[in-house]
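Student: Compute the structure for the input listed below.
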Amino acid sequence: MLESTRNFKTWPLAVLTFSLLALASSPVRVANADDLLDLAQFKGRVVYVDFWASWCTPCRLSFPWMQSLRDTYEREGLSVIAINLDRNRPDAERFLAQFRPNFEVRFDPQGQLAKRFKVQGMPSSLIIDRHGVQRYSHIGFQTVDRATYETQLRELLAEK
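Tutor: Residues are numbered from 1 along each chain as shown. Next up, the predicted model:
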C-alpha cells in the first residue's frame with residue numbers, strides 16, 4: 001500500500017478519506033513489539049505464550065490443549081496468550097472461528113515479537129514464570145509433548 005499512496009494528491013477526496021479512515025480504524029496497529037506484549041502486566045502470573053499461524057498443522061492440535069490449560073490452571077495463576085503471525089488477518093480469523101478460544105489472542109503480522117523472542121518454528125511456545133523470566137521454550141507441538149509442558153507449568157505455578 002505504501003507504493004500506491006505516494007501519489008495521493010491525485011486521488012479523489014472520497015477515496016483518500018476512505019483510505020485514511022480504514023487505516024485509522026484497523027484493529028492491528030503496532031508501534032513496536034512492547035505494545036503487543038508487555039510482560040509487566042502479567043507480574044505474579046505464569047504465562048504460556050504461543051506463536052502460531054493459520055497454516056500450521058500442529059497449531060490445530062495445540063489450540064484445544066491450550067484451552068484446556070487455561071480452563072484448568074487459570075485460578076492458580078496461569079495466563080495463556082496466543083500470538084498470531086499471519087500476514088493475512090482473515091486467515092487467522094477463520095482459524096479462530098473454528099476453535100473459539102477464550103484465552104488472549106494477539107496479532108503480530110509484522111513478526112516483531114517473533115523476532116524479539118527468536119521464534120524458529122511453528123508453533124513455538126514460551127513459558128514465563130511469575131517474575132517475568134522466560135524459563136522454558138519449545139519448538140513445534142505434538143500430542144506426546146503435552147505431559148512435559150504441563151509438568152513445567154505446574155512446577156512454575158507451585159513457585160511463589
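Student: Run through the residues that contact the closest residue to Cys56 other than its chain neighbours.
Tutor: Residue nearest to Cys56 in three dimensions, not counting chain neighbours: Met122, with 4.2 Å by Cβ to Cβ, 6 or more residues apart in numbering. Just so you know, the C-beta spots here come from the backbone N, C-alpha and C atoms, and that holds for glycine as well. The contact partners of Met122, taken as Cβ atoms under 8 Å, 6 or more residues apart in numbering, are Phe51, Trp52, Ala53, Cys56, Pro58, Cys59, Leu85, Gly140.
Student: And for Asn84?
Tutor: So Asn84 contacts Trp52, Ala53, Ser54, Ala92, Val105, Arg106, Phe107, Asp108, Pro109 (Cβ under 8 Å, 6+ apart).
Student: Look up the residues forming beta bridges with it.
Tutor: Using DSSP bridges, the beta-bridge partners of Asn84 come out as Trp52, Phe107.
Student: any chance you could map the helices in this structure?
Tutor: With DSSP state H, the ranges of helices along the chain come out as 2-5, 13-24, 33-36, 57-73, 89-99, 112-116, 146-158.
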